Each structure stands twice: as C-alpha cells, then as structure tokens.
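just coords:
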C-alpha cells in the first residue's frame, strides 16, 4: 500500500499535523480525521456544494481537493466561521427567514454566501442566485436563501435599518 | 376569502393571549444546523464500528453463477465478505403487497440478491471492513460470475406474450391493475361537442436528497438489542420491519432518528441494503455503518413517476366538462417496494384525476408492470403530479378546442365552494374545499388580465411567453385507510406526551419526526400556546422509539394535522392538571385561574399568582405541603387519528409565467404563483416554505429531471453532473397565498401542505409552455420539457 504523507496545515486557526494517504480527499480528512462534521459530503464530485470550505481565503469544494494538497494551507470550515462570529449576522438572517429546512446544504451555502458578500457587498437577487448556482438545496426552493443573503447585504452596507 | 368556523373550544385553546398559532416564529434549534453541529447519520461513529460497502450488479437481469470472495477476505482491514445466501441465515425475505390493493402481487425480495439480480444496482455481496476505503478496495477483488438474462425495460411491451416474465411464479409481469367506471361515460362523450385525446408522458425521476441514505446498525449481543440510527420518516415502521425479519421482538429494536438531510418520501421505505446492514450487525455482533454514495443513491433510492397516461375529455361548447377517461401505465422495477408497495402511485392517479371538477362521468384503468430497472415507489406528492398534469392538460386542451380562456373553463367546472360535503367521481369524500376562492385570489395576485395583455404585446414582437394554470387537490392527514387496512404495520395515529419539569419548563415527546419541515416548531408553538408557556421553555423530543409515544411519523402531509392535534389535546390535559394543582395551592378554583407567560394568573384581572417554576418546585420537592388527597400529574399523553374522513383533502391552484425561446428550446421561468388551502395555519412562514420547496421539486420534474435508461436497463446518468436538478439560477421567485378552511375533524383544524407545491407545478409549467407555443400550433404532453423535446415538437431538430 502507498505510504502516508506528512502534512501540516492550519484549520480554524489551530495547527494540525497528520499523516495521510495521498488518495484521501480534503472533505474526508476534515470529517473523519479532524471530526469537523459540519462540512458535508453530498455528491463527491464537485457538483452539489455541500462540502464548500475556505482555503487561503477562497472557497473550494473540499471533495475535489486532496488532503495532501492542503499542506501549509490555512483552512476555515463552518465551525470556524461560526465560532469567530464572522457570519453571525448571516446565520441570524437565515434563522429569521427560515432559509434552511433539513440543513444539510446550509454550511456550504453559508460559506458561499459569505464569499459573495466579501467580494460584492451589494449584490442584486440575480447575482446572488448566480453565485449560489453551484450549491444544491432540495428543500427550500432557494427563495428564502436569496432573501436572507439580500437582507444581510443591506444590513451590512447600512441600506436597511 | 377566509372562512372561519364557530367552535368556541378552539377559540379558548388556541386564540389565547400570546398565542403562537398563526404566527411566524423561527424554528428552534436552527443554530445547530447552521453551525455545522447537527448530527446526521453520516456523522455518527460508534466504538468497534465497521463500514459496509455493497458490491452491486452491473447487469439489469442476470443469474449469479458464482461469487469468489477469498482474495477480498485476505485484504487489510476486511472483517467479512457476505453473500445473499449467507445473510439469509439471519434475515428473512419480504413481499411488498397490501391486501386492500386487490390483486397486487410481487415476488420475495432478499436483503442481498440470492441466485439472481433483477436490476442494475441490486446488491450481490457485502464487504465489511474497518474503514470504508478498505471495504471499497476489497470489493474490487470480489469476483462475481454472471449469466446475463433478457432485461425487460420497456413498460409498453412488458405485458406482451413475447416478453419474458421476470418472476415465473407470478405468471406475468402485471403487478396491479385497477379499473374504475363512474357515471355514464360513453353517453357523456356522445353528448359532447368536442372530444380531445392526448397521451401524457412522465419521466422517471428520483428524490436526490442531499444527504444520501445512511444507517448505523448496532446489535449489542449482550443486551440482545439492536439500535438503528437512521434518517427515516417513520421510526416505528422501521422498528416493526427490522424486528419482524430479524426474528426479534419490537422491544428489542430501538430506532433513533437524529438530523435528516432531506427525505421527500425517499426515506420512508425499507431498502434492501438497509435491511442487509441491520442483519450484518447482528451477524458480526458489532456496529455497522452504511452510507450510500451518490451513484448508489441514483441506482437504489426509489424512483418515481415514469407513467404513460392516455387521457380523453369531452366538453360542451359552453365549457361544460362532460367526462374524463384515462388509461395509465407505469413500470415499477422488479419488486413492489416494502412495506408501502409500488401500487399506491397508480392507485392515486385513478383516485385524483378529475378531482377538482363537477363532472361525475369518469372511467379509468391503471396498470402497474414489472421491469428490470430500479424499484419505484412513493415520492413527494405521490400520484398527484401525474393526475394533475393529465387533468389540467386535458382541461386546457378542451378550452383551446372551444376557444375559451383557461381561467374561464375552470370557473365553469370547478366544484362550487358551497357544494360540500360531496364526493369525487372516484368516490373520494371532500369535507370542504375552496376551489373558486383560491382561483379568484390567484387571478388577483398574478393580475391575470394584465399578464395576458403583456403576453399579447410581446408576442407581436416575437417574444413567446406563456401562462399556465393548474388546479389541484391534495391528499393529507391519512387515516388507517392508506396502509393499516391493507395489513401494513404503519401507524396512522400519533401520540404526544407533555410534562412540566422541575423548573417549570415543558418537555414534549412526539411520534412525528423532523426532516426540516418544522415538526419541532409546530409542536412547540401548539404546546406553548395552549399551556401559556413561552416557546423557549418548550423542548421537543422526537425521532426515538424508546423515548416517544407510538406513531406514524412524518409523511403524506400528516405531521401538523395529526401530530399537531395530539399535541393540542395533550397540552389541554396538562393545562387542566396544572390549574388543578395551582387551585389547591392558591386556595382558588381552576376556573378562576389561567396560565399566561409562564405563570398562573387570575382570569379576572390577569394578576400573577404563582410562577410555573414555583409550582413545579412545590409539586416535585415539597408535595408534603400540598392539601391532603392532591396527587399532581404534571404529565399528560394524548393520541389522535382522523376517523370521519379517510383523508383530509386540501386544494389549491398554481400559475406559471415563462418565456420560451423557439430557437434554442430553452424555457425561462419568470414567476410562479400558488394559492392553497391547508386549513388552520400554525406558522405561515413554514407553510410558505413548504409550498416553495415543493414547487421547485415539481419544477425539476417539469424541466430537468429524468433517470435515463438504455434499452439494456443501464441507468446512464447516475450522477449529479448528468442528472439535472433545479439550482438557484434557474428558479423563479414564487408568490404564495392562502385561503383558510379548517377541517372540523380536529380542534386544531390543520390539514397538510407538504405535497401541494409538487402536485401542481409541472402541470402549470406544461400548460404555460403550450400556451407559449400557440403560434406554432404544436402541443407537448411530455415532461421533462427539455430543449430537445421542445425543438422536436417545433420540428427544428
């Protein structure tokens, strides 16, 4: 069997060192090795967006990246951005608008939404829908999610009380 | 438009100060899911837990000649490699039939195939290893020799004498047939001015829950007890079936259902691989985890729809609909699913066609055939989208034929709002529906006349927009008539236990389950309202057969109507019990006291008398201070099932506004409207979001979703890149309106809302596409409406 490879990376601010098989994908590493089960696996081939995380500031599909590729990287998962309070307002808007039902897409959806709001503080509904177009939600029909992101953008930019 | 009923009891229980009924309040426990701190089955790990991977048949139909497992068994981490025959020593096979579906037949199905595989994707062996990766590695070294058999794939020829019979013991490939004939159909057609016929074709599609099916089964040999962690909609049903086939008592099986990553009917059935996982745990005496990957989900999660339905409508020139006739054919795969069977959808189609309309002349035939494809069964809005698309498609075709506006023909034929109670041509009993009120509200919400004017103006500029209308009825709050009468151990009643804890908070155990609809919220809203306790002090426990009353769970839009009523009745008893104790403590009488904002108050002036927390302290810690003879009971349990009507029908109407590009065949959805009537609304936001989510599921069926099989029974698009689902970019905003007609079967008055969106969305879109196609003089009665289908109809490819 192929030998393991030593990796070191920062996950939610904590330094992590591990020996992993080269074939291990990043989503499985986060879930199975670090027990960060907030990152979900939906399709395992980069279509559904449930495993969206942030690596060195950019969002990626963690099922499409190998753990060894994350060597020396800084990763943030839903647990990290929740505990830091970075997306507390977005989460609050999701709660008020019932922008989640089963919640399985929600961590990835929140990561994607926060990414949009960092890049583009006042997106219109069309832009929001476009940015989320790689995140599958079977429950909500998306409208409540778009509403929640739109209201967060307005609040953050002071266009809404 | 809102109809109210005079029921003073209801007013006292629900219309209290600070009532949560009818209010939008956030669901409890959303933070857990939003912070990635939920507990889905795929997250669960137990000590000594092993992982199972199923080796699945690459053939649609084949004899298993031999299975060679010795190489796989030698591999690192492998615990066992188990064939169907070996597993049959711990679990018995099953047959998916119900006695009330007369004539329904199926063959015995095993947890893992024995001797023969009947669809591409059926499991032939289980590989259990310390990790999933190790199990997958080993599975590649299991050698199975197959002798391919003829695959029956086309439902249209499944009954031909030349077609091989899949299960010889059954005699033919016909699983079920139902014939219905009401009124004087031939005479009605003869007296019609116009008779229109069409064949409606529905693609086979599936649920695509974002979390695949998953189960952790933990047989503790020392306790002789099996704990099943599973994202199921019906925990007690799973308990019953697992016990039955593993030779256990139900008391030896506990089913725990934590967070569930989407269900939609996909997770209300018993799947062979789940049964195999329970059995493997028992065989290997350790916890075993199965999580389907996405390819497995497409090949084994139940598929749905896949109907070809010939329809016929007769109409007078004044718009009077004279008769409906249908001949429906559907293929369900090689086995009728267990335990709900695969005949229910076709049966529902027969039940529901023509349902919103006055005419009593209705003839129907439905045939359900076996084929060598994945199993088919009940998925959100079972049968409704078929029945609605056929009915509403025929009504639009009739309107077109006599040059009548689609809204007008519906106005002239929908059952009048004051005609209830009455029955449909198929014999369904309607308590009280509101077709005309909902249609009137829809027309106003969408500004129908203005939209028609806009459409006409744009058409002159070669922009092709369409308006589609679809009225529908929805089966909700099912009684025992659905499954119980046919012999299935699937409870139609639900139970709720409510108690006050030692600090005056409320703990509520309910047998309905949560998959995101808001079962927790509606239960807490009802209990909090009746008790006068704030919602943040009500904790709801569900999804655990050891810790909830016995009940059906959440499916067929039954949670709010049935589980909600049980919660209401339990809370009323607890409220009385609280006031009895309070009266004794306060030297008052129960009728002089009320509970408001977590405290017992005077009815007369609202003055606080004693906090619930203080009352609880006395009851639990200082009962010695209570007057003699007082035994407080700060816990109450009630169960509920509808008895008068087999189903609480709801109704509604949808409209689609879309633009069709005749050059590319692309359809752009611009707007969608729904007006529905689910009776008492407990939480308007949750109802609206159920409707929206349901609509989008229906829009997926209308435009994108189809399991594409080749002629050899191979599913060719079993992944999310090739099987298209609705994504945010293509979906429109959806406006939702309500008419409220509570059911009198319960004090709560709530009916279901889970299927309404899915029931009518595809029909509205198809009618809108045909409306847009009018200048091109072509009609499409097939979904999904892919660019290929549209361009073919336009003669452009």
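Good, I have the coordinates. Here the structure is a predicted model, which means the values were calculated and not measured. Numbering: from 1, shown residues only, chains lettered A, B, ... in the order given.

Going by C-alpha atoms from here, please, whenever you check contacts or count neighbours.
Fine.

Give me the number of neighbouring residues for the residue of the stretch 651-797 of chain B at minimum distance from chain A.
Proximity of the stretch 651-797 of chain B to chain A (C-alpha to the nearest C-alpha) peaks at residue B:693, 4.3 Å away. Neighbourhood size, residue B:693 [other C-alpha atoms under 10 Å in any protein chain shown]: 26.

And residue A:84, by the same measure?
With other C-alpha under 10 Å as criterion, residue A:84 counts 11.

And it, its phi and psi?
According to degrees, to the nearest 10, the main-chain angles of residue A:84 amount to phi -80, psi -10.

For residue A:12, see how far away it is.
9 Å (C-alpha to C-alpha, to the nearest Å).

ditto for residue B:301
From residue B:301 to residue A:12 the distance is 36 Å (C-alpha to C-alpha).

ok, these two, which is more surrounded?
Legend: neighbour count by other C-alpha under 10 Å for residue B:301 and residue A:12, higher for residue B:301 (25 against 18).

which residues does the nearest residue to residue B:647 once chain neighbours are set aside contact?
Nearest in space to residue B:647, with sequence neighbours left out and distances taken as C-alpha to C-alpha, 6 or more residues apart in numbering or on different chains, is residue B:478 at 4.6 Å. Residues in contact with residue B:478 (C-alpha atoms under 8 Å, 6 or more residues apart in numbering or on different chains) are B:492, B:556, B:558, B:642, B:646, B:647, B:648.

ok, those residues vs chain A, which is closest?
For the contacts of residue B:478, the nearest to chain A is residue B:556 (16.0 Å; C-alpha to the nearest C-alpha).

The closest one: how many residues sit nearby?
24.

what's the pLDDT at it?
On the pLDDT scale, residue B:556 is placed at 89.

Contact partners for residue A:106?
Contact analysis of residue A:106 by C-alpha under 8 Å, 6+ apart lists A:50, A:100, B:33, B:34.

close enough to count as contact, the last one and residue A:105?
No: Residue B:34 is not in contact with residue A:105 according to C-alpha atoms under 8 Å; the separation is 9.4 Å.

who's more crowded, the two?
residue A:105 (31 against 28).

Which strand residues bridge the residue nearest to residue B:103 when sequence neighbours are not counted?
In space, and not counting its chain neighbours, residue B:103 is closest to residue B:176: 6.0 Å by C-alpha to C-alpha, 6+ apart. As for beta bridges, residue B:176 partners with residue B:368 under DSSP bridges.

count of neighbours near residue B:176?
23.

again with the one 5 residues further on
A count of nearby residues for residue B:181, using other C-alpha under 10 Å, gives 15.

just residue A:2 next, same as before
Residues lying near residue A:2 (other C-alpha under 10 Å) number 7.

What sits closest to it if chain neighbours are left out?
The spatially closest residue to residue A:2, leaving aside those adjacent along the chain, is residue A:21, at 7.1 Å (C-alpha to C-alpha, 6+ apart).

Tell me who's in contact with residue B:347.
Residue B:347 touches B:178, B:366, B:383, counting by C-alpha under 8 Å, 6+ apart.

Is it part of a helix or strand, or is it coil?
Following DSSP: H, G, I helix; E, B strand; the rest coil, residue B:347 is assigned to helix.

which element is the residue in the stretch 1-150 of chain B positioned nearest to chain A on?
Chain A sits closest to residue B:36 of the stretch 1-150 of chain B, with a gap of 3.6 Å, by C-alpha to the nearest C-alpha. Using DSSP states H and E, residue B:36 maps to neither a helix nor a strand.

my guess is it meets residue A:79, correct?
Yes: look at residue B:36 against residue A:79 with C-alpha under 8 Å: they come within range, at 6.0 Å.

joint contacts of the two?
Joint contacts of residue B:36 and residue A:79 (C-alpha under 8 Å, 6+ apart) are residue A:38.

Give me the more crowded residue out of the two.
residue B:36 (23 against 18).

Break chain A into its domains for me.
Here the domain parsing of chain A from automatic domain parsing is A:5-81, A:87-156.

Make CSV from those domains and add mean pLDDT to it.
Formatted as CSV, those follow (pLDDT from 0 to 100):
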stretch, mean pLDDT
domain A:5-81, 98
domain A:87-156, 97
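
most tightly surrounded among those domains?
Across the domains of chain A, averaging neighbours per residue (mean count of other C-alpha atoms under 10 Å in any protein chain shown) puts domain A:87-156 on top, at a mean of 22.

Now residue 54. Nearest residue, chain neighbours left out?
Chain wasn't specified; assuming chain A. That would be residue A:76: by C-alpha to C-alpha, 6+ apart, it lies 5.1 Å from residue A:54.

my bad, chain B
Nearest one to residue B:54, counting by C-alpha to C-alpha, 6+ apart, is residue B:126 at 4.6 Å.

what does residue B:690 give?
Using C-alpha to C-alpha, 6+ apart and skipping residues adjacent in sequence, the residue nearest residue B:690 is residue B:754, 5.8 Å away.

Look at that neighbour and say how many residues are nearby.
A total of 30 residues lie near residue B:754 under the criterion other C-alpha under 10 Å.

just checking, it touches residue B:556?
Yes: using C-alpha under 8 Å, residue B:754 is in contact with residue B:556, at 7.4 Å.

coming back round to it: any idea which element the residue nearest to residue B:690 lies in?
Using DSSP H and E, residue B:754 is not contained in any helix or strand.

is it true that residue B:280 lies in a strand?
No: secondary structure of residue B:280 (three-state DSSP): helix, not part of a strand.

Please report how far it lies from residue B:575.
Distance of residue B:280 to residue B:575, given as C-alpha to C-alpha: 47 Å.

hang on, the earlier thing: closest one of the contacts of residue A:106 to residue B:226?
residue B:33 (27.6 Å; C-alpha to C-alpha).

contacting residues around the nearest residue to the closest one once chain neighbours are set aside?
Excluding the flanking residues, the one nearest residue B:33 by C-alpha to C-alpha, 6+ apart is residue A:103, at 5.4 Å. By C-alpha under 8 Å, 6+ apart, the contact list for residue A:103 reads B:33, B:34, B:261, B:516.

Which secondary structure state is assigned to residue 128?
I'll assume chain A. Classified using three-state DSSP, residue A:128 is helix.

actually chain B
Here residue B:128 is strand, with the state taken from three-state DSSP.

For it, grab the count of nearby residues.
Counted by other C-alpha under 10 Å, the residues lying close to residue B:128 total 31.

what's the closest non-adjacent residue to it?
Spatial nearest neighbour of residue B:128, chain neighbours left out: residue B:52 (4.3 Å); criterion: C-alpha to C-alpha, 6+ apart.

Show me what the helix or strand harbouring the one you found is packed up against.
Residue B:52 is located in strand B:50-56, with elements delineated by DSSP H and E. Counting by 3 or more C-alpha pairs under 8 Å, 6 or more residues apart in numbering or on different chains; DSSP states H and E, the packing neighbours recorded for strand B:50-56 are strand B:123-129, helix B:132-139, strand B:288-291.

Can you give me the distance of the closest residue to the residue of the stretch 1-150 of chain B closest to chain A other than its chain neighbours to residue B:212?
Spatial nearest neighbour of residue B:36, chain neighbours left out: residue A:38 (3.6 Å); criterion: C-alpha to C-alpha, 6+ apart. As judged by C-alpha to C-alpha, residue A:38 and residue B:212 stand 16 Å apart.

How about residue B:770?
Separation of residue B:770 from residue B:212 (C-alpha to C-alpha): 36 Å.

Then residue B:726?
18 Å.

closest one to residue B:662 among the helices and strands packed on strand B:50-56?
Nearest of the helices and strands packed on strand B:50-56 to residue B:662, taken as C-alpha to C-alpha: strand B:288-291 at 43.5 Å.
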